[in-house]
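J.: Below are the sequence and a predicted model for it; my questions follow.
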Amino acid sequence: MDKLLVTGPGRLNGTVTVSSAKNATLPILAGALLFETPVKLVDVPKLNDVATIIKLLESMGVKVERDGKSMTLDSSNVHNLVADYALVKTMRASVLVLGPLLARFGKAKVSLPGGCAIGARPVDIHLTNLEKMGAKIQIEQGYILAECERLQGCELSLSFPSVGATENLMMAAVYADGETIIENAAREPEIVDLANFLIHFGVTVEGAGTSRIRIVGTNTQKKYAATKAYRPIGDRIEAATFIIAGLMANSNIVVNGFEPWTLEAVLETLEKMGAKLTRLEDGVEVHPSGRLKGAVIETAPFPGFPTDVQAQMMALMCLCEGNSIITEQIFENRYMHVPELTRMGCKVTLKGNAALIEGVESLSAAPVMCTDLRASAALVLAALTAHGQSDIQRIYHLDRGYEDLEAKFKGLGAKVERVK
Ligand code: UD1
């Protein structure tokens, strides 16, 4: 199993370009199931989660050709409508094939994803709303069995703005009879990107990025097609990780390849803490800002503070002047990084879904273990500023969602080595 050896502390400098967003790429790849004509994508990140969804699509009969970071997916011969437990259990986003399969083929059998390290993560919002669209859904032996003659367009109102449910329903609505309105839809930039991908293929989608999305359905005879390749948006979570790294190292770096508006809640919080940032057209310049002040934040659906940056923010807060408080509102168990950060000298007290962080002057290197994707990023950030060499184990979690992380950090001058 690979591990990372990270030696700190050190200054960073230079420019880093983030990859396309994992959370935009996965629903778009699932969306390829909707179209009989080839789907061409560019700048597809080389991530383990992307490899997993490709394996799943291939198991269904999708032909996938990869040429470097470009990809063509041909879904004209889909013959298997089953998403097997073996693949779904390794990546929950596999459940995103449910909407497209049901829309185009009227049938799907998708393993229930089950819980994961950060929480129970049910899919009830996906299923109840597909039922409202006319799908007959049963749960049998751990699988979702879904069937319909043809989905019906209707007005849906989500009980919570779930990102995955909004994506599944948007894709399900493509071949529904009539219009579908999704109220209380998730507003994340990745939703806007999925809408743009569907629009790129000729589907009528309006309102993505607001709480009310409208999709006009047509029947499956409609030949949607796109001549040009689609490029998923830049990864705002990866960008936040590098911006925080630059601030923790009191350095001047440029993080580009993403749109700053997608990260406004994080940028505003950092600025309140004393960070000096310049918003660029396609990124952010981080200026040396000294020791930042603590802050009080709570995670929330977009445009609120993203739960996917909570762990990295905690690593930064551990080194701030004064105390900070984080309230995690999205996932009930998303503090797996706390015991590991504590081993490096962080002072964090947990109470329910709140974390009190007492700022310390410095951290010390330690052997630590990754528990989930963003928790792992927090450990790398802490290790970059800690005194000595940290040994970060189980980095397969990082490989799920960060492309070339160690190469990118090395490019900024950090001392990071991957050991096989
Ligand atoms: C997506 C992101 C993930 C991010 C999360 C929240 C992808 C591939 N993953 O996950 O990185 O952390 O959004 O921004 O894009 N819930 C229910 N019932 C449902 C669906 C969700 O109770 O049917 C709950 C979940 O348990 C969780 C909350 O709603 O507590 C948010 O989940 P959701 O927005 O659906 O996140 P994902 O789409 O799974």
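T.: Nice, I can see it.
J.: Every contact and neighbour count from this point should use C-alpha atoms.
T.: OK.
J.: Okay, helices next: where are they in the stretch 301-420 of the chain?
T.: With DSSP state H, counting those that start in this stretch as the criterion, the stretch 301-420 of the chain has helices at 310-317, 337-343, 373-385, 396-401, 405-411.
J.: Count the neighbours of Y224 for me.
T.: The number of residues packed near Y224 is 17, by other CA atoms under 10 Å.
J.: element containing the closest residue to L169 other than its chain neighbours?
T.: Take L169 and drop its neighbours on the chain: the residue closest to it by CA to CA, 6 or more residues apart in numbering is G99, 6.1 Å away. Secondary structure from DSSP states H and E places G99 in helix 98-105.
J.: Show me which residues of the stretch 151-300 of the chain sit near the ligand.
T.: Neighbours of the ligand within the stretch 151-300 of the chain, by CA under 6 Å from any ligand atom: 162-165.
J.: can you pick the most crowded of the residues you listed?
T.: Result: A165 is most packed of these (other CA under 10 Å), 25 neighbours.
J.: Assign it to helix, strand or coil.
T.: Taken by DSSP: H, G, I helix; E, B strand; the rest coil, the conformation at A165 corresponds to helix.
J.: Could you do V78 as well?
T.: coil.
J.: Tell me, how many residues neighbour it?
T.: 18.
J.: Kindly state the pLDDT recorded for the residue nearest to it when sequence neighbours are not counted?
T.: Leaving aside its chain neighbours, V78 sits nearest to G61 (4.5 Å; criterion: CA to CA, 6+ apart). pLDDT recorded at G61 is 98.
J.: Make sure G61 is actually in contact with V82.
T.: No - with contact defined as CA atoms under 8 Å, G61 does not count as touching V82 (10.7 Å).
J.: who's more crowded, those two?
T.: Higher neighbour count among G61 and V82: V82, with 21 against 18, using other CA under 10 Å.
J.: Tell me who's in contact with the more buried one.
T.: Shown in contact with V82 (CA atoms under 8 Å, 6 or more residues apart in numbering): 60, 108-110.
J.: Report the residue spans of the protein with pLDDT below the cut-off.
T.: Low-confidence segments of the chain (pLDDT under 70): 114-120.
J.: go again using 50 as the cut-off
T.: Nowhere does the chain drop to pLDDT under 50.
J.: which residues touch the residue nearest to H387 when sequence neighbours are not counted?
T.: Of all residues not flanking H387 in the chain, S364 sits nearest, at 4.7 Å (CA to CA, 6+ apart). Counting by CA under 8 Å, 6+ apart, S364 touches 344-345, 383, 386-388.
J.: Determine which two of those residues are furthest apart.
T.: Pairwise distances across the contacts of S364 (CA to CA) peak at 12.6 Å, for the pair G345 and G388.
J.: Pull the contacting residues for the residue nearest to N323 when sequence neighbours are not counted.
T.: In space, N323 comes closest to E358 once its chain neighbours are excluded; the distance is 4.6 Å by CA to CA, 6+ apart. Neighbour list for E358: 317-318, 322-324, 346-348 [criterion: CA under 8 Å, 6+ apart].
J.: Between the contacts of V82, which sits nearest V286?
T.: Looking across the contacts of V82 and measuring by CA to CA, the closest to V286 is V110, at 43.7 Å.
J.: The residue nearest to H387 and A382: what is the separation?
T.: 9 Å (CA to CA, to the nearest Å).
J.: do the same with T128
T.: 42 Å.
J.: Then L57?
T.: Using CA to CA, one gets 37 Å for the distance from L57 to A382.
J.: The two - which one has more neighbours?
T.: The residue with more neighbours, out of L57 and A382, is A382; 31 against 27, by other CA under 10 Å.
J.: Run a quick neighbour tally on the nearest residue to the more buried one once chain neighbours are set aside.
T.: Nearest residue to A382 in three dimensions, chain neighbours excluded: A315, at 5.7 Å (CA to CA, 6+ apart). By other CA under 10 Å, the residues close to A315 number 28.
J.: who are the neighbours in contact with A315?
T.: Residues in contact with A315 (CA under 8 Å, 6+ apart) are 341, 378-379, 381-382.
J.: out of those, what pair is the most spread apart?
T.: L341 and L381 (10.2 Å).
J.: where's the residue nearest to L169 relative to F258, distance?
T.: Going from G99 to F258 by CA to CA gives 28 Å.
J.: These two - which one has more neighbours?
T.: Taking neighbours as other CA under 10 Å, G99 and F258 compare with G99 leading, 29 against 25.
J.: Verify the stated contact: that one with V174.
T.: No - if you go by CA under 8 Å, G99 and V174 don't touch, sitting 9.3 Å apart.
J.: re the thing from before, name the nearest of the contacts of V82 relative to the ligand.
T.: The ligand lies nearest to V110 out of these, by CA to the nearest ligand atom, at 14.3 Å.
J.: In terms of helices and strands, where is the closest one?
T.: strand 107-111.
J.: Tell me the first helix or strand C-terminal of that strand.
T.: For strand 107-111, the following helix or strand on the C-terminal side (DSSP H and E) is helix 124-132.
J.: which residue sits closest to A375 in space, ignoring its chain neighbours?
T.: Nearest residue to A375, sequence neighbours excluded (CA to CA, 6+ apart): H337, at 5.0 Å.
J.: where do the helices sit along the stretch 1-150 of the chain?
T.: According to DSSP H, counting those that start in this stretch, the helices that the stretch 1-150 of the chain contains are 22-31, 48-59, 85-88, 98-105, 124-132.
J.: Need those helices in JSON lines (columns: distance to the ligand).
T.: Shown next, in JSON lines, are the helices of the stretch 1-150 of the chain (distance: least, CA to the nearest ligand atom, whole Å):
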{"stretch": "helix 22-31", "distance to the ligand": "4"}
{"stretch": "helix 48-59", "distance to the ligand": "9"}
{"stretch": "helix 85-88", "distance to the ligand": "12"}
{"stretch": "helix 98-105", "distance to the ligand": "13"}
{"stretch": "helix 124-132", "distance to the ligand": "3"}
